[in-house]
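>>> I would like the atomic coordinates for the input below:
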Amino acid sequence: MSAPAITPVVVRLKLSLLRNGLRQSGGRRAAYIASAVIALLFAALQLLGLIALRGFDHAESLVVLLVAVLGLGWAVMPLFFPGGDETLDPTRLVMLPLRPRPLVRALLVASLVGIGPLFTLCLLVGSVIAVAHGGAAFAAGVLAVPLALLVCVALARAVAAANVRLLTSRRGRDLAVLSGLVIAVGAQLVNFGAQRLGSSGLEQLGPAADVVRWIPPASAVGAVHSAGEGAYGAAAVQLLLSAAALAGLLVLWARSLTRLMTAPDGSTLQTSRAAARDRTSTGLARLLPPGRTGTVMERSLRYVWRDPKTKAAWVTSLAIGLIVPVFNAWQGTGSVYLACFAAGMLGIQMYNQFGQDTSAFWMVAMTVSSTRDAYVELRARALALLLITLPYATLVTVLTAAMLGDWPLLPEALGLSFALLGAMLATGAWTSARFPYSIPQEGYKNVAPGQVGLAWVSIVGGMVAAAVLCAPVIALTVWLHAGADGDAGRWLLLPVGTLYGAALTLLGLRLAAPQAARRLPEILAAVSKG
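Residues are numbered from 1 along each chain as shown. Sure thing, here's the model as predicted:
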């Protein structure tokens, strides 16, 4: 008696996982339906837009590059969204008597179920229609569409299987949390590319498309264009390249499954040497000040390096603080004053300092017995933040001035950045003591339920107050620009802004310390709700 086919079983399992996940809560069901509607509408618009490109010069260059970007998206999707599909983790099936080849076939078919494959199918169909001219081209398109779709799906599965140990570890969760950063950077790149295309036309894509059309899965769509041009040999080679890529991905996927099903999992084991290394002080810890200040600074820096949400907030702020001024300078539309955006993004990290401790704040509260202790605690956290923000804000400002060639404005831009950073440290220390809120450890929410209004008051109110506190330095900058000898006086803005920011920081810490020492029970209750 032959064994029953497992492909229908795995497909039904995929549908059951989807259905049961939607039954967990009304919010999750509403979010899924809304995302599905938006994705399908976007897919329909993409399909219509690609069909409208039919007959335009150099349309094939845009289409080929679009499919290549689509394939890249499928490759990196499992790395940044490992929890989006439970079937991406084949180790869940390790106890079942399954062989790699039937399992690969079943999982490949199950991967075609979902919004992502449907969106990809619409884009591929639109791409083929945009570049197909003649019966031979449409015949090649009949093969190209499913071939490119299977290459995308197999690529995602092969990457997920090869990195499943990483994706299920703490580092994998860190990587998933950082997905917002990739989206932000990608959006800026897309915006820059769209502006360049709008000013120079599609012909600028030709050199890159000539190379990419031979790389799967874009080679499948390139074969459609080649067939329409009468280059049947080139079309056959391009289709064979996609078929060979699919076969190679399936082989790699099967090998990864075999290794996962037979090898022991040692990803969570720690050698005694590594454990001993973790217990010793790092080189940075030996450079920090002694006493409570150095201890608190080291703890804050460890949060930045180890805590997923703190790391995500820091890396996102670092990246966006660099992207906004540098990309605007690159496009020739920026200003050196936009470098203050970096100081503003990094200064936000001072807000809700106690929230990142969550319920472990009780250990901090036990060591605070006076206003002096609270002051040293807040000062050490501000110093840990300054170790990163001061050199980074300086680097972004210098880089922006260099790209714009506007060196005379560098001193006043640095002075404004330092003044803004000091103002945000001051307001951040005060709001941390007055309006603390909890940060949930699980999931993607950064505010515990019921504390959203508190978080808005803390962050938005603090930022507005910081802007008001910087008004004297801004007024001095405007006055120097309006004066006759403003060029000589601009250099004064660097020491003035630096000293003003330092004075604001010290004043803010002095005002926040009594609040923190007096409200320790309220702070602990607020940050423990997550």
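>>> C-alpha from now on. contacts and neighbour counts both.
OK.
>>> can you map out the helices along the stretch 351-500 of the chain?
Taking DSSP state H, counting those that start in this stretch, the helices of the stretch 351-500 of the chain run over residues 361-366, 371-404, 410-434, 452-469, 471-482, 486-489, 493-518.
>>> what do you get for the stretch 51-200 of the chain?
Using DSSP H, counting those that start in this stretch, helices in the stretch 51-200 of the chain cover 59-80, 100-110, 115-131, 135-162, 164-167, 170-177, 179-200.
>>> for the helices of the stretch 351-500 of the chain, which one sits closest to Ala227?
Among the helices of the stretch 351-500 of the chain, helix 371-404 comes nearest to Ala227, with 45.3 Å by C-alpha to C-alpha.
>>> Helix 410-434 and that closest one, what's the angle between them?
Using axes from the mean of the first three to the mean of the last three C-alpha atoms, to 10 degrees, the inter-axis angle of helix 371-404 relative to helix 410-434 is 150 degrees.
>>> ok, residues contacting stretch 463-476?
416, 419-420, 423-424, 426-427, 493, 496-497 (C-alpha atoms under 8 Å, 6 or more residues apart in numbering).
>>> Let me have the helices of the stretch 351-500 of the chain in CSV, extended by mean neighbour count, mean pLDDT and distance to Lys311.
Compiled in CSV, these are given as follows (neighbours: other C-alpha atoms under 10 Å; pLDDT from 0 to 100; distance: least, C-alpha to C-alpha, whole Å):
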stretch, mean neighbour count, mean pLDDT, distance to Lys311
helix 361-366, 15, 90, 19
helix 371-404, 20, 92, 13
helix 410-434, 29, 92, 18
helix 452-469, 17, 82, 18
helix 471-482, 15, 85, 32
helix 486-489, 13, 60, 40
helix 493-518, 21, 93, 24
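>>> Can you check which of the ones you listed gets nearest to Thr293?
Using C-alpha to C-alpha, the nearest of the helices of the stretch 351-500 of the chain to Thr293 is helix 371-404, at 5.0 Å.
>>> hang on, Leu107 packs against Arg12?
No - the pair Leu107 / Arg12 is not scored as a contact, 11.2 Å apart, by C-alpha atoms under 8 Å.
>>> So for these two, which residue has more residues nearby?
Taking other C-alpha atoms under 10 Å, Leu107 and Arg12 do not tie; Leu107 has more neighbours (22 against 13).
>>> Identify the residue nearest the more buried one in space, chain neighbours excluded?
Val10 (6.8 Å; C-alpha to C-alpha, 6 or more residues apart in numbering).
>>> Helix, strand, or coil at the one you found?
At Val10, secondary structure determined by DSSP: H, G, I helix; E, B strand; the rest coil is helix.
>>> could you list every residue that touches it?
So Val10 contacts 106-107, 110 (C-alpha under 8 Å, 6+ apart).
>>> now swap in Val326 and tell me
334, 396, 399-400, 403.
>>> Let's see that with 7 Å instead.
Thr400 (C-alpha atoms under 7 Å, 6 or more residues apart in numbering).
>>> Look up how far Val398 lies from it.
For Val326, the distance to Val398 equals 10 Å [C-alpha to C-alpha, to the nearest Å].
>>> Next: Phe138.
54 Å.
>>> again with Gly291
35 Å.
>>> just Ile51 next, same as before
46 Å.
>>> ditto for Cys152
From Cys152 to Val398 the distance is 42 Å (C-alpha to C-alpha).
>>> pLDDT value on Val142, please?
On pLDDT, Val142 comes in at 93.
>>> er, Phe341 I mean
Confidence score, pLDDT, at Phe341: 87.
>>> likewise Ser317?
84.
>>> Same check on Ala187?
In this prediction, Ala187 has a pLDDT value of 59.
>>> again, but for the one 10 residues further on
pLDDT, the model's per-residue confidence, is 54 for Leu197.
>>> Let the chain start at 12 from now.
That works, and once the first residue is 12, the last one we named lands at Leu208.
>>> Contacts only, for Gly355.
431-432.
>>> domain assignment for the protein?
18-193+211-273, 298-538 (automatic domain parsing).
>>> weakest of those by average pLDDT?
domain 18-193+211-273 (a mean of 80).
>>> Between the two ends of that one, how far is it?
22 Å.
>>> now stretch 470-488
For stretch 470-488, the end-to-end distance is 26 Å (C-alpha to C-alpha).
>>> Give me the distance between it and the centre of its chain.
Relative to its parent chain, stretch 470-488 has a centroid offset of 29 Å by C-alpha atoms, centre = their mean, to the nearest Å.
>>> Val74 contacts Gly137, doesn't it?
No - Val74 lies out of contact with Gly137 (C-alpha atoms under 7 Å); the separation is 9.1 Å.
>>> Provide a list of residues in contact with the closest residue to Arg112 other than its chain neighbours.
Leaving out its chain neighbours, the residue that sits closest to Arg112 by C-alpha to C-alpha, 6+ apart is Ala265, at 6.4 Å. Ala265 is in contact with 111-112, 115, counting by C-alpha under 7 Å, 6+ apart.
>>> if I look at the residue nearest to Leu118, how far off is Ala117?
With C-alpha to C-alpha as the criterion, Val21 and Ala117 are 6 Å apart.
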